[in-house]
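I would like the atomic coordinates for the input below:
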Amino acid sequence: KQIAEEAGVSIATVSHVINKTRYVSPELSKKVEQAMEKLGYSQKSKTEHSNLKIGKKSEIALIAPNLWGTFSKVISSISSYLNEKGYTLSVYFHNDNASVEKDIITNILLNKR
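Down below sits the predicted model:
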């Protein structure tokens, strides 16, 4: 929220810049990055998340509603690609149940994989 206020953008824009979940224009990305630097965000995130390490033995989780239709092809392609790169893909299905999806995410984060 502080970064959004400092940069003069929405919280969603900050989230998209940090997580790279959607396209954000270079101008807005620069504003967000400058606000993050000014507020010391990158330093905070490094210290708070230093126990989470990503490497070749890391698990990459994919949470999908089901295995039917196009999902099976997408999951197969992602799995093949990650396997070539030395990563393990774990697939979880929530069957359109938000509570199950929340439990899956909570368990993944608690395991820090």
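
What is the burial count for the residue nearest to His94 when sequence neighbours are not counted?
Once flanking residues are discounted, His94 sits nearest to Glu101: 3.8 Å by C-beta to C-beta, 6 or more residues apart in numbering. Backbone N, C-alpha and C define where each C-beta goes, glycine included. Applying other C-beta atoms under 10 Å, we find 17 residues neighbouring Glu101.

Surely Glu101 is within a strand?
No. Counting by DSSP: H, G, I helix; E, B strand; the rest coil, Glu101 is located in no strand; its state is helix.

Tell me, what's the model's pLDDT at the residue nearest the centre of the chain?
Centroid-nearest residue in the chain, with C-alpha atoms, centre = their mean: Asn19, separated by 5.6 Å. Per-residue confidence for Asn19 comes out at a pLDDT of 84.

for it, what are its contacts?
Contact analysis of Asn19 by C-beta atoms under 8 Å, 6 or more residues apart in numbering lists nothing.

so how far is Ile11 from it?
Asn19 sits 12 Å away from Ile11, taking C-beta to C-beta, to the nearest Å as the criterion.

helix/strand/coil for Thr21?
coil.

Look at Ala35 and say how many residues are nearby.
Around Ala35 there are 20 other residues, counting by other C-beta under 10 Å.

Just to check, it is in contact with Ile3?
Yes. Counting by C-beta atoms under 8 Å, Ile3 is a contact partner of Ala35 at 4.8 Å.
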